[in-house]
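A.B. asks: Structure here, sequence nowhere to be found:
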Ligand code: GLN
């Protein structure tokens, strides 16, 4: 059969490749981003209880009402933004589905989407599957700052959407209030929709505050904010996230969502709704991960690798510029196979494969894991 691919240049995601390589070579896996410590027993018990009580059939298409209500309350408390739980919040199968359904619903053939590289690897293919044209703008280490005057130059009459991500995967950079103000002005002036990936909203360090699009009333009126429970509750495998967007945009997102997954599993949604009623269950995440970042940095002191600034997310970038001329992909493979420690090569997040000699390490791990990783890195 002569099968012509819609995504001929796309292979298996780098996260699957590196996690598998780590497994095969018995390497410590700091590649794919997921915690190696347990989910709260209380939350697991709640899910069990919901299942036993018989909550095992389809949830409502937009999500369980109790969960949407508690999300509404938390958004009001956190971002001082009022949303309608019935018409503006949609529970999705993780952040990735939220992004995919949003793009599938809103991008028409020929529409241009501005995105910043390094970018999460699902963004570009999702745009292209909808017939849109991704317009990539490269950001540079160490700060990966956005030059908004460059952004303006990329806008054409076909520009429909702009994607941002804060705290940033893989860079660990966070957008400032002045970034959000620039974004708000540009979006208003050119009538753009903003798709804001905020899945690491609670993983932010050193006294910084997360700048959600939801904090900016005019911006929120033309934005979709994407969140994830997996990141907040150490349960990436449950694949539950949500979108927050004005009613007219949400209506469109749901048109896609209802045919991508229809709805998300019921017992987890019910359990999360109950669990989130106690802010103690999520308020201390920033401090928790800041300690992990600092512990990891402590372990790599004295190595030849140079850490880049990390203000949020659970990823630390390390430069090996002074150590090897290898490409970052070769370096990641060598480290996994020979040194038994798996990272992610950052060129995988650049459409043009820009190689800044950077590797990404996930520090959402036990101290023991991070200590062992540090011992390996000291030998490099
Ligand atoms: N978000 C995770 C990461 O950046 C990966 C998720 C996945 O593998 N799909 O590592």
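C.D. replies: Cool, the structure landed. Please read all numbers here as calculations on a predicted model, not as lab measurements.
A.B. asks: all strands for the stretch 151-300 of the chain, in order.
C.D. replies: Applying DSSP state E, counting those that start in this stretch to the stretch 151-300 of the chain gives strands spanning 159-165, 193-197, 223-228, 241-244.
A.B. asks: Provide the strand pairings for the last one, with the direction of each partner.
C.D. replies: Counting by DSSP bridges, the strands paired with strand 241-244 are strand 89-92 (antiparallel), strand 223-228 (antiparallel).
A.B. asks: who's in contact with the longest one?
C.D. replies: When contacts are defined by C-beta atoms under 8 Å, 6 or more residues apart in numbering, strand 223-228 is touched by residues 94-95, 98-99, 102, 187, 193-199, 201, 212-214, 240-245, 249, 253. All C-beta spots, glycine's among them, are computed from the backbone N, C-alpha and C.
A.B. asks: Mind doing that once more with 6 Å?
C.D. replies: Applying C-beta atoms under 6 Å, 6 or more residues apart in numbering, the external contacts of strand 223-228 come out as 95, 98-99, 102, 194-199, 213-214, 241-245.
A.B. asks: Save the strands paired with strand 241-244 as TSV, and put in mean neighbour count, mean pLDDT and distance to the ligand too.
C.D. replies: Formatted as TSV, the strands paired with strand 241-244 follow (neighbours: other C-beta atoms under 10 Å; pLDDT from 0 to 100; distance: least, C-beta to the nearest ligand atom, whole Å):
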stretch	mean neighbour count	mean pLDDT	distance to the ligand
strand 89-92	27	98	14
strand 223-228	27	98	9
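A.B. asks: and residue 25, which of those strands is closest to it?
C.D. replies: strand 223-228 (29.0 Å; C-beta to C-beta).
A.B. asks: Pick out the residue nearest the middle of the protein.
C.D. replies: Most central in the chain under C-alpha atoms, centre = their mean is residue 199, positioned 4.7 Å from the mean C-alpha point.
A.B. asks: Without its sequence neighbours, what residue ends up closest to that residue?
C.D. replies: residue 228 (3.8 Å; C-beta to C-beta, 6 or more residues apart in numbering).
A.B. asks: and the closest residue to the ligand within the stretch 51-200 of the chain, what is it in contact with?
C.D. replies: Distances between the stretch 51-200 of the chain and the ligand by C-beta to the nearest ligand atom are smallest at residue 169, namely 5.1 Å. Neighbouring residues of residue 169 by C-beta under 6 Å, 6+ apart: 120, 313.
A.B. asks: what does this structure have sitting close to the ligand?
C.D. replies: Taking C-beta under 6 Å from any ligand atom as the measure of proximity, the chain contacts the ligand at 13, 15, 32, 33, 169.
A.B. asks: Try it again at 8 Å.
C.D. replies: Within the chain, the positions adjacent to the ligand are 13, 15-16, 19, 31-34, 95-96, 120, 122, 169-170, 199, 236, 315, 344, 360, 362 by C-beta under 8 Å from any ligand atom.
A.B. asks: now those residues: which count as buried?
C.D. replies: For those, a neighbour count by 16 or more other C-beta atoms under 10 Å gives the buried set as 13, 15, 19, 31-34, 95-96, 120, 122, 169-170, 199, 236, 315, 344, 360, 362.
A.B. asks: now the helices: where do they sit in the stretch 1-150 of the chain?
C.D. replies: 14-24, 41-52, 65-79, 85-88, 94-106, 123-129, 148-154 (DSSP state H, counting those that start in this stretch).
A.B. asks: ok now the longest one, how far from the chain's centre?
C.D. replies: Helix 65-79 has its C-alpha centroid displaced from the chain centroid by 20 Å (C-alpha atoms, centre = their mean, to the nearest Å).
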